[in-house]
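J.: got a predicted structure plus its sequence, pasted below:
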Amino acid sequence: MEIKTKLYLVDSDGEKFMGIGVLWLLERVESEGSLRAAAASMDISYSKAYGMVRNLERQLGIPVVDRKKGGASHEGASLTAFGKSFLKLYSMFQTEAKARLIEPFDTFTIAFNKLLHEYEGI
């Protein structure tokens, strides 16, 4: 048995705006230098990726992606200084939050195995 978690941030209406998908998208924008290339590498449409970024920026109230001109110049996109800092902060939050679940899960597993042993053969 193992534990799997999904951590995400929601707005006041309970709508998700930041989770692992947005995290991966931002990482790929940074590595690919383009929102379109980042979307393609994740096998999602450009409009979906654009909407994910726009929704995140609306919730945070500050740009995370610096969108440059497209067209013939193909200048691409990159994370803003805030975007880079936010990405690092959110990644650390994800890692730390998941790490903190290990001990309670181990305690649960031990107790569950004892319980299972007590009811074996019933």
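T.: Arrived safely, thanks for sending.
J.: got a list of contacts for whatever helix or strand T109 lives in?
T.: In the assignment (DSSP states H and E), T109 maps to helix 102-118. By CB atoms under 8 Å, 6 or more residues apart in numbering, the residues outside helix 102-118 that reach it are M1, I3. For every residue, glycine as well, the C-beta is placed using N, CA and C.
J.: what about it, distance to the chain center?
T.: Going by CA atoms, centre = their mean, to the nearest Å, the spacing between the C-alpha centre of helix 102-118 and its chain's C-alpha centre is 29 Å.
J.: show me which residues of the lengthiest helix in the chain are buried.
T.: Of all the segments of type helix in the chain, defined by DSSP state H, the longest one is helix 81-99. Along helix 81-99, these residues count as buried under the neighbour rule (16 or more other CB atoms under 10 Å): G83, F86, L87, Y90, Q94.
J.: stretch 58-65 too?
T.: Neighbour counts over stretch 58-65 (16+ other CB under 10 Å) mark Q59, V64, V65 as buried.
J.: now tell me what touches the worst-scoring helix or strand of the chain on mean pLDDT from outside.
T.: Across the helices and strands of the chain, mean pLDDT, DSSP states H and E gives its lowest value to strand 65-67, namely a mean of 93. Residues lying outside strand 65-67 but in contact with it, judged by CB under 8 Å, 6+ apart, are L26, V29, L35, V53, E57, A77, S78, L79, T80, G83.
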